[in-house]
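A.B. asks: Below is the sequence, then the predicted model.
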Amino acid sequence: MTMSTGLIIVSHSKRLALGVVDVVRALAGDELAMVAVGGEEAPGSGGLGVNAAMVLAGLSELGGVDTIGMIGDVGSSFLATSAAIELEGLEERVHMIDCPMVEGAIACAMTLSMGGSLDDGITAAEHAWEVRKVGS
C-alpha cells in the first residue's frame, strides 16, 4: 500500500504561505495535498503571527493523508507546529523540515510528486540549503 503525503506551509504571513503554495503548485502540479497556514487576526497583530491552534486547523485539512511534512518561515513557526504535534500526539505523522522555505518546499514537493517518500522529500528539501542562486 502506498502512503499518501501532504505538506503544510506555516508562516507568520498567510499571504507568504499562500504564495509558496502557488509557486510549488505551478512547478510540481496540483496532485499533492498542501495547505497554507498563518496570519493572526487579533487586533494589533498587523495580520502577522502563528500559533498551535492555527497549525492544528491546517493539519485537520490534511486529514486524508498518512504523513505530513511541515515547512516554515522562522523559528516560532516551528515552535507553534511542535506544540500542535505534542498536543495531538502527531509525532509519527507530522515531520518538521529544516530548509529554506521556498526552495525547500519546491524540492520536497517535486520529489513527492514523482513518487518519492516523505524521507526522500525531506532529504531534497534539506539539500536546498546547499543550492546557490548566484555563482559560488
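C.D. replies: Good, I have the coordinates.

A.B. asks: Residue 69 sits in which helix or strand?
C.D. replies: Secondary structure from DSSP states H and E places residue 69 in strand 67-72.

A.B. asks: And the next helix or strand past that strand?
C.D. replies: helix 75-88.

A.B. asks: just checking, what packs against that following helix?
C.D. replies: The contact analysis (3 or more Cβ pairs under 8 Å, 6 or more residues apart in numbering; DSSP states H and E) places helix 75-88 against strand 5-10, helix 52-61, strand 67-72, strand 94-97. From N, CA and C alone the C-beta is placed, and that goes for glycine too.

A.B. asks: Keeping just the C-alphas, turn the last one into PDB.
C.D. replies: Pointing back at strand 94-97 there. This file holds the C-alpha atoms of strand 94-97, laid out as PDB (Å, rounded to 0.1, in the frame of the first residue of the first chain):
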ATOM      1  CA  VAL A  94       3.900  15.200  11.100                       C
ATOM      2  CA  HIS A  95       7.600  15.900  10.400                       C
ATOM      3  CA  MET A  96       9.100  19.300  10.600                       C
ATOM      4  CA  ILE A  97      11.600  20.000   7.800                       C
END
